[in-house]
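Q: make a model of this:
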Amino acid sequence: MSEQTFPETSEPLPDNAYSAAATVRLPETAQEAATAPRPGFLASLTVGDALFGLVALLAAILRLTNLPAIPLSPAEAQVALNTWQFWQPGDAGSAALAAFANSGSAAYFSFTSLLMPLLGSSDTIMRLVPALFGVALVLLPWLWRKHLGLGGALVTSLLLAVSPTLAITSRTVGGQAIALFAGLLLLIAAHRYLTEGAPRWLNTTAAALGLGLAAGALFYSFLLTLGLAWLVQALAGPALVAERPRPGRAAWRRAALWGLVTFLISGTLFFWNLAGLGAAANGLGQWLTAFRLQGQLLDWLSPILILMRYELLVLLLGVGALAWATWHNQPLPTFLVYWFTAAVLLALLQWGQPANTLLVTIAAYLLIGLWANHIFTTAPDPTAEQTLPLPVRLGKGILLVFLLVVGGIVYFNLGRYLRISAYDATQMGHLWLALVALIFAVAVINLARTWEKTVASQATLAAILVIFMLYSWGTAWWLTHRAANDPRERWVAEASDNGLQLLQRVLTEVSRQSTNSDEGLDIVSAVDSPALRWYLRHYPAAMFGETIPAGTQSRIVITPAGQEAVALGSDYFGADFGHLRPSAGPTPDQPTSVSDTLRWWLFHQSPLPITPETIIVWVRSDLAHGS
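A: A predicted model of the protein is given here:
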């Protein structure tokens, strides 16, 4: 055995160190090392793990609380109906599968179908699977912390947690949240396999691919943009890895088995739903038909406007992160630049699919996380410490607090100006004060940079992150809990009115008092929509059509508002209920001013009213007298 030598230390160890070392007995054999006691789970946790736990809690609060607050949109209701009908007796299940094969997400169908026999079919359960995948998406940077850096992974997870568009997607019925999780997991697992060569990451990559193919059309956006980024980097450099692992046939077969099993389990519900194979294949067709080469300028700018409304940090810090990554030309940041660019191009080419902006957001937040880790881990120049003024030598804390205070002053005065300008546009005092405070903050930052560049950069970035994360949290909470069915929001394309949930509660009460059952009412409706069908799904005697038969004596009759009177066979009294909310966006002859836009962003006040489509619910008079 060769002799091992150790370098001598310049100073002797203290006496207690020798005595402590003498009491430690290292394992001498492999068997002893294998049987040596290992620290418990709690003992192995680090501060970083605890911080990720807090981020997960933050994401869960935003995504899991009060899921039924907003009624299901028509598109959500259609997917939920197909899933619910699968478990109904008779021919309803077969009809649902036939419709599902052309419209649904196979993975969403499978996971939600597993929950329904145990937990029911409420709005909460219909949105639970996307919400859980949304929380899991926030934690994925933890798997990449070795390459992002612990600080970069934490910043990325925080940004993903408070992202308004990711939060609303996580609370939307369908497979988009699953596709986002599968796509990001695919990227992380593939990169870790290329850099580490561990077979488990190859298997994870294959499993993520199988899950994504079953999730829906959005996953193909991931595949295209990631593939383009990989191709450009392979041609232009720098190489993502110096030497790629070369798995054998056995490793490829094992990975293929992982991918196939994951696809079949998530896509066919353990072979109970073979129509899921058709739905998965149909996702590619839906994705291809989303490309649009024609449109007005406002249509092409729609993805950029979505980012301006909901993801301001992508525009504010994303540009800096792109410049930093391009300048340093490191493999992983450069790959993310290529991916970000490909995602932006795809979002423009498929401008009718706002979900593609989610890829832009994820790529930008990964870049910002890398950039933040670089800035926060850069140590100040120790040679300049003695020449720095006292406030700078005390650290970035003072500058950070100052910038947060200035940010509060700017926000308060800008808000006051927007409030006052609605009544008197000549009152500019608060706007000027906000502008002066902003200029003063920029001057202080530049002065601090002349003394110590690193301290100024760290404090400035931290202040921007704190201020706009708070803004993003408020916007995300508003969008997910209050405005998910507000057609004045740019993200909302179609929505159901809150009156549908009220109608469901009213009919349940009428049914209990008149039939001693929650499902005893017979209903005839001249209004047929997925949302209305969903909220009346528990009434097996409900009939939907375009007209009401003359002389009908059903307990409940539903007609569109404004329809001519129908000759009914009994006396009825009616009440209006909101049904759907059409788009309320500005028209060419009614543009929205900048002040109106900012007032909507900050205070959710808009001159554009919500005018829902209403329906009239007629109740037979004898039911009212009986109740």
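
Q: hang on, residue 153 packs against residue 370?
A: No. At 9.6 Å, residue 153 does not count as touching residue 370 under the criterion of CB atoms under 8 Å. Quick note: C-beta positions are derived from backbone N, CA and C, even for glycine.

Q: which neighbours do these two have in common?
A: Common contact partners of residue 153 and residue 370 (CB atoms under 8 Å, 6 or more residues apart in numbering): none.

Q: residue 136 and residue 178, how far apart?
A: Applying CB to CB, to the nearest Å, the value for residue 136 to residue 178 is 10 Å.

Q: give me the more crowded residue out of the two.
A: Comparing residue 136 with residue 178 by other CB atoms under 10 Å, the one with more neighbours is residue 178, at 30 against 18.

Q: which secondary structure element contains that one?
A: Assigned by DSSP states H and E, residue 178 belongs to helix 176-196.

Q: please apply the same query to residue 615.
A: Here residue 615, judged by DSSP H and E, is contained in strand 613-620.

Q: so what touches that strand?
A: Residues contacting strand 613-620 (CB under 8 Å, 6+ apart): 497, 499, 503, 506-507, 510, 527, 532, 553-561, 563, 568, 570-582.

Q: ok, now with 6 Å
A: 527, 555, 557-561, 570, 572, 574-580 (CB atoms under 6 Å, 6 or more residues apart in numbering).

Q: hmm, back to that, quick one: average pLDDT of the helix holding residue 178?
A: Helix 176-196 shows a mean pLDDT of 95.

Q: so which elements touch that helix?
A: Packing contacts for helix 176-196, counted by 3 or more CB pairs under 6 Å, 6 or more residues apart in numbering; DSSP states H and E, involve helix 123-139, helix 164-170, helix 199-215, helix 218-236.

Q: before we move on, back to that, strands - which of the contacts of strand 613-620 land there?
A: Per DSSP state E, strands hold the following members of the contacts of strand 613-620: 557-560, 572, 574-580.

Q: now the two most distant members of those residues.
A: Of all pairs drawn from the ones in strands among the contacts of strand 613-620, the one with the longest distance (CB to CB) is 572 and 580, at 23.2 Å.

Q: domain ranges for the protein, per the record?
A: 54-376, 382-481, 497-626 (automatic domain parsing).

Q: between those domains, which one is nearest to residue 488?
A: Between residue 488 and these, the shortest separation by CB to CB is 4.9 Å, and it involves domain 497-626.

Q: quick check: mean pLDDT across stretch 249-268?
A: On average, stretch 249-268 scores 91.

Q: and it, how far from the chain's centre?
A: A distance of 27 Å separates the centroid of the chain from that of stretch 249-268, by CA atoms, centre = their mean, to the nearest Å.

Q: could you list the buried residues of it?
A: Buried positions in stretch 249-268, judged by neighbour count with 16 or more other CB atoms under 10 Å: 254-255, 258-259, 262-268.

Q: repeat for stretch 344-357
A: For stretch 344-357, burial by neighbour count (16+ other CB under 10 Å) applies to 344, 346-351, 353-357.

Q: out of those, which sit inside strands?
A: With DSSP E as the criterion, strands contain none of the buried residues of stretch 344-357.

Q: which of those fall within helices?
A: 344, 346-349, 357 (DSSP state H).

Q: regarding the chain, what is its longest helix?
A: Using DSSP H to define each element, the chain has its longest helix at helix 453-481.

Q: partner strands of the helix or strand that it is followed by, parallel or antiparallel?
A: Under the assignment DSSP H and E, the closest C-terminal helix or strand after helix 453-481 is strand 495-496. With DSSP bridges as the test, strand 495-496 is paired with strand 572-581 (antiparallel).

Q: tilt between the partner strand and strand 613-620?
A: Calculated by axes from the mean of the first three to the mean of the last three CA atoms, to 10 degrees, strand 572-581 forms an angle of 160 degrees with strand 613-620.
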